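1. from the sequence below, what's the structure:
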Amino acid sequence: MFQKILIATSIFTMSGLTCASENGLQPYGLSFSGSVGLTSDYRFRGQTQTQNDPALQGTFTLAHDSGMYFSVFASNVDFGTNNPNIELDPSVGYTTKLPLSATLQPNLDVGLAYYNYPSGHDLNYPELYARLTFADLFAKGDSLIPSISYSHNYGGNLTKDAYQHRINNWNFNLAYSVPIKETGFGLVSSLGYSKSDREIGLYGNDDNYIDWKAGLTYNVQAISGLVAELSAVGTNIDTTGYDHVTKRGVDTGAVFSITKSF
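-> Next up, the predicted model:
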């Protein structure tokens, strides 16, 4: 409970600073944005990070006109007994438009994220990422985002073998969203594939797995930036030998979230 209160206090403090500092940052070519949200289950690449319990989350980004940015993601987590309760992930990156043609100019986003668990340092690890965002590709207002991520030390020290070998891990993802005309509703979907250089236990009895999401969103017209989402999220991880709680955390399940962007 204390960790959730701490996260909530940080989130609302930062959101207040956003409005207060906006005018002061503009002369320096800086902008501050973010979002706060509540989700019924924190799923990361299809796998629960909270044992299927709710999570309070926030993302805050400080960006410069040059394309450089610094961002922080915060959430409560629950991996079981004597494990960390907070995830606090800083990242630094760069974005720019790619003028492929007069009509096709996707946004390129490359950077380095650090998955950080303040009370469980053995889990910490860095990850490089690159993504392209194509807007209005098939329909007005849609978004297609292919991305790739790589870590040379996935899962931190807890996934090293007896010889202290680090795990190399790749993740490939394709996400798509599209509004349903002018109704305020929209469709979201994603398909991901994760591959490590050997079995790590986190992928069932294999070294790779597929995750997916398909859902419906609704933009609340009365409150700018408020979006509700109901999605089905799951994986193809082999759950043979898993207990009920662990199996439920990777099987397909419904996830509801509500997020306010500013």
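
2. all helices for the protein, in order.
-> With DSSP state H, the ranges of helices along the chain come out as 2-25, 244-248.

3. any idea which of the ones you listed scores lowest on pLDDT?
-> Of all the helices of the chain, mean pLDDT reaches its minimum on helix 2-25 (a mean of 54).

4. ok, now how distant is residue 146 from residue 172?
-> Separation of residue 146 from residue 172 (CB to CB, to the nearest Å) stands at 8 Å. To be clear about C-beta, it is placed using only N, CA and C from the backbone, and glycine gets the same treatment.

5. roughly how far apart are residue 228 and residue 40?
-> 11 Å.

6. for those two, list the residues in contact with both.
-> Counting by CB atoms under 8 Å, 6 or more residues apart in numbering, the contacts common to residue 228 and residue 40 are 256, 257.

7. and residue 241, how many neighbours?
-> 9 (other CB atoms under 10 Å).

8. quick one: contacts for it?
-> Contacts of residue 241 (CB under 8 Å, 6+ apart): residue 205.

9. cool, the one 10 residues further on as well?
-> Neighbour list for residue 251: 234, 235, 239 [criterion: CB under 8 Å, 6+ apart].

10. how close does it sit to residue 139?
-> The span separating residue 251 from residue 139 equals 32 Å under the rule CB to CB.

11. show me what the residue nearest the centre of the chain bridges to in the sheet.
-> Residue closest to the mean C-alpha point of the chain, counted by CA atoms, centre = their mean, is residue 44 at 6.6 Å. Beta-bridge partners for residue 44, by DSSP bridges, are residue 47.

12. so where's this structure shaky on pLDDT?
-> When residues are selected by pLDDT under 70, those of the chain lie in 1-23, 82, 159-164.

13. please repeat the previous calculation with a cut-off of 80.
-> Across the chain, the ranges flagged by pLDDT under 80 are 1-24, 81-83, 102, 120-121, 157-165, 200-202, 205.

14. show me the strands in it, by range?
-> Counting by DSSP state E, one finds strands in the chain at the ranges 30-39, 43-44, 47-48, 55-64, 68-76, 86-97, 107-115, 125-135, 143-151, 169-179, 185-196, 208-219, 226-235, 253-261.
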